[in-house]
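Novice: Could you look at this predicted model? Sequence included:
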Amino acid sequence: MPAAYTSELAEALAADVLDRFLRYVRVDTQSARDRNGSPSTPGQLDLSRMLVDELLAIGLEDAALDDNGYVFATLPATGEAPHAVGLIAHVDVSPDAPGAGVEPIVHRDYDGGRVELPRGGTVLDPAEMPVLATKAGHDVVTSSGDTLLGADDKAGVAEIVAAVAHLAAHPELPRPTLKVGFTPDEEVGEGASLFDVERFGAVCAYTLDGSQPGEIQDETFSGAEVTVVFEGVDIHTGWAKGKLVNAARLAGRLLAELPADTLTPETTEEREGFVHPFEVGGDAGHAQVRFIARDFDDALLGEHIALIRSTAEAVARAEPGARVTVSDRPQYPNMRRFVDAFPQVVDVAERAIRAEGIEPVREPIRGGTDGSKLSEMGLPTPNLFTGGHEYHSVREWASVHDMSSAAAVIVRLAGLWAEEPA
Ligand SMILES: [Zn+2]
């Protein structure tokens, strides 16, 4: 039996959300880690241009693509609401699985069982995906099995465009000034870097880039990247005795001496941080280990970085002739303190979600979002749910019912912000 929508509004938005979503996922917008410009890949511009055209057609007259591949547009307020509020999603998809040639499949009135996709031998098994089991009766969208779906984050894009189209077509619904922003290269950590916060002109914003209905994420990891470079002494192995210092072995020793049963992503959960070597390379003369370090607490993050540094230095000290350099750079901060400074942003979101008949769920994300950096840049930006799941894999799926709920929450957010005092 088909599941009910969370409201008449969600049901009214469903067809438009799905129609836009199916159109957007077919565009190959996979981003690339080696970035020589913004966006990192031209396919992202194909979708961004399509979005500009759609926003213009809806009536957002200033919709435009900027020089760095960001789409910005404004839906003016209906009344005197003092706040301009931002709605943000990213157009790119992850480089971690194939992103070209997406052929979405809509499974109407999903029966709650295993879903065998036609390509790649991909199976969605509710025994292994407990959230999927709860979506019986929903319309569920998957890929054909050999690509990403791209719900991360085209679900968010479709929800924003459908909600804004609904508001533009219903001027009797109160709304503040809404600022729409679609970013490139979020999946390679650069979605916020060239975001023109001043031009955007919003007092706060929401990214639509989460999963389960009700989610509001106002806390993220703080993240840093740490690079350790060992310089050895490379001598012909025939006369190396007492002279050769092998940098590759030093890199191995560093990895062996760091904790393995704690402080790793595979042994931690909830609020625990970690250090994670994600790339090792080199030869006898020169070796490099790249790490990410993560924690919710900035002081603890500093300790994780210091642990890598002191361990690397001890490894090098034990080997006369070896040299080591350790460098670190911040990637994104925990957004919490920036969002806390403007409590209305989460308060209004919670009320909008409740108004849609959903219980808000506030939990920290073990990762970062565009909103982490945007919050630090002066635009408090928590993250809201979109209805998509199993991101960055060929098993990615999304519920049309939940996507429609997310679009309805945006319409309700607009109504509540229209009444917020300055
Ligand atoms: Zn995302």
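Specialist: Looks like it arrived, so ask away. Numbers count the residues shown, from 1 in each chain.

Novice: What parts of the protein come near the ion?
Specialist: Counting by Cβ under 5 Å from the ion, the chain comes close to the ion at 152-153, 209. No exception for glycine: its C-beta is placed from N, CA and C like everyone else's.

Novice: For ChimeraX, what selects the buried ones among the residues you listed?
Specialist: Here is the ChimeraX command that picks out the buried ones among the residues of the chain next to the ion, judged by 16 or more other Cβ atoms under 10 Å:
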select :152,153,209
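
Novice: Format the residues of the chain next to the ion as CSV; extra columns: secondary structure, pLDDT and distance to A163.
Specialist: Output for the residues of the chain next to the ion, formatted as CSV (DSSP: H, G, I helix; E, B strand; the rest coil; pLDDT from 0 to 100; distance: Cβ to Cβ, whole Å):
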residue, secondary structure, pLDDT, distance to A163
D152, helix, 97, 18
D153, helix, 97, 15
D209, coil, 96, 15
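
Novice: Tell me the one among the residues of the chain next to the ion nearest to H90.
Specialist: Distances from H90 to the residues of the chain next to the ion, taken as Cβ to Cβ, are shortest for D153 (4.6 Å).

Novice: For the closest one, give me its contacts.
Specialist: Counting by Cβ atoms under 8 Å, 6 or more residues apart in numbering, D153 touches 89-91, 93, 186, 208-209, 386, 388.

Novice: List just the nearest of those to the ion.
Specialist: The closest of these to the ion turns out to be D209 (Cβ to the ion; 4.2 Å).

Novice: tell me the contacts of the nearest residue to M377 once chain neighbours are set aside?
Specialist: For M377, the nearest residue in space outside its immediate sequence neighbours is V197; the separation is 5.0 Å by Cβ to Cβ, 6 or more residues apart in numbering. Taking Cβ under 8 Å, 6+ apart as the definition of contact, the neighbours of V197 are 374, 377-379.

Novice: Wait, L416 touches A352, no?
Specialist: Yes - with contacts defined as Cβ atoms under 8 Å, L416 counts as touching A352 at a distance of 5.5 Å.

Novice: more crowded one of those two?
Specialist: Under the criterion of other Cβ atoms under 10 Å, the comparison of L416 against A352 puts A352 first, with 24 against 20.

Novice: average pLDDT for the helix or strand in which that one is found?
Specialist: Using DSSP states H and E, the element containing A352 is helix 344-355. In this model, helix 344-355 has an average pLDDT of 98.

Novice: Strand partners (parallel or antiparallel) of the helix or strand just after that helix?
Specialist: Beyond helix 344-355 in the direction of the C-terminus, DSSP H and E gives the next helix or strand as strand 361-362. Using DSSP bridges, the strands paired with strand 361-362 are strand 215-217 (parallel).

Novice: hmm, who's touching the strand it pairs with?
Specialist: By Cβ under 8 Å, 6+ apart, the residues outside strand 215-217 that reach it are 210, 346, 349-350, 353, 360-365, 369, 382-385.

Novice: quick check, nearest of the residues you listed to the ion?
Specialist: The closest of the contacts of strand 215-217 to the ion turns out to be T369 (Cβ to the ion; 7.2 Å).

Novice: and the closest one, how many residues sit next to it?
Specialist: 26.

Novice: what's the neighbour count on the nearest residue in space to it that is not next to it in sequence?
Specialist: Excluding its sequence neighbours, the residue lying closest to T369 (Cβ to Cβ, 6+ apart) is N383, at 5.0 Å. Burial of N383 is recorded as 26 neighbouring residues (other Cβ under 10 Å).

Novice: Check for me that D46 belongs to a helix.
Specialist: Yes - the secondary structure assignment for D46 places it in a helix, going by DSSP: H, G, I helix; E, B strand; the rest coil.

Novice: For whichever residue of the stretch 251-400 of the chain sits closest to the ion, which non-adjacent residue is spatially closest?
Specialist: Closest approach of the stretch 251-400 of the chain to the ion (Cβ to the ion) occurs at Y391, with a separation of 6.7 Å. For Y391, ignoring the flanking residues on the chain, the nearest one in space by Cβ to Cβ, 6+ apart is D152 at 4.1 Å.

Novice: Verify the contact between that neighbour and H392 for me.
Specialist: Yes - here D152 lies in contact with H392, judged by Cβ under 8 Å, at a distance of 7.0 Å.

Novice: Please identify every residue contacting each of these two.
Specialist: S94.

Novice: list the contacts for the residue nearest the centre of the chain?
Specialist: To find the centre residue of the chain, average its C-alpha atoms and take the closest one (Cα atoms, centre = their mean): that gives T369, at 4.7 Å. When contacts are counted by Cβ under 8 Å, 6+ apart, T369 is found next to 186, 207, 209, 217, 220, 335, 381, 383.

Novice: Could you do A349 as well?
Specialist: Going by Cβ under 8 Å, 6+ apart, A349 touches 206, 216, 360, 382, 384, 409, 413.

Novice: Take the residues you listed and write them to TSV, including secondary structure and pLDDT.
Specialist: As requested, the contacts of A349 are arranged in TSV below (DSSP: H, G, I helix; E, B strand; the rest coil; pLDDT from 0 to 100):
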residue	secondary structure	pLDDT
Y206	strand	98
I216	strand	96
P360	coil	98
P382	coil	97
L384	strand	97
V409	helix	98
L413	helix	98
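
Novice: sorry, back to before: buried subset of the contacts of V197 as a ChimeraX selection?
Specialist: The buried residues among the contacts of V197 can be selected in ChimeraX (16+ other Cβ under 10 Å) with this line:
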select :374,377,379
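
Novice: Which members of the contacts of V197 define the maximum pairwise distance?
Specialist: When Cβ to Cβ is used, the two most widely separated members of the contacts of V197 are L374 and G378, lying 8.1 Å apart.

Novice: what's the helix or strand containing D53 packed up against?
Specialist: Assignment of secondary structure by DSSP H and E places D53 within helix 43-58. Where contact means 3 or more Cβ pairs under 8 Å, 6 or more residues apart in numbering; DSSP states H and E, helix 43-58 is packed against helix 8-25, strand 64-65, strand 71-75, helix 151-169, strand 177-183.

Novice: Now that helix: buried residues?
Specialist: Of the residues in helix 43-58, those buried by neighbour count under the rule 16+ other Cβ under 10 Å are 43-45, 47-48, 50-52, 54-55, 58.
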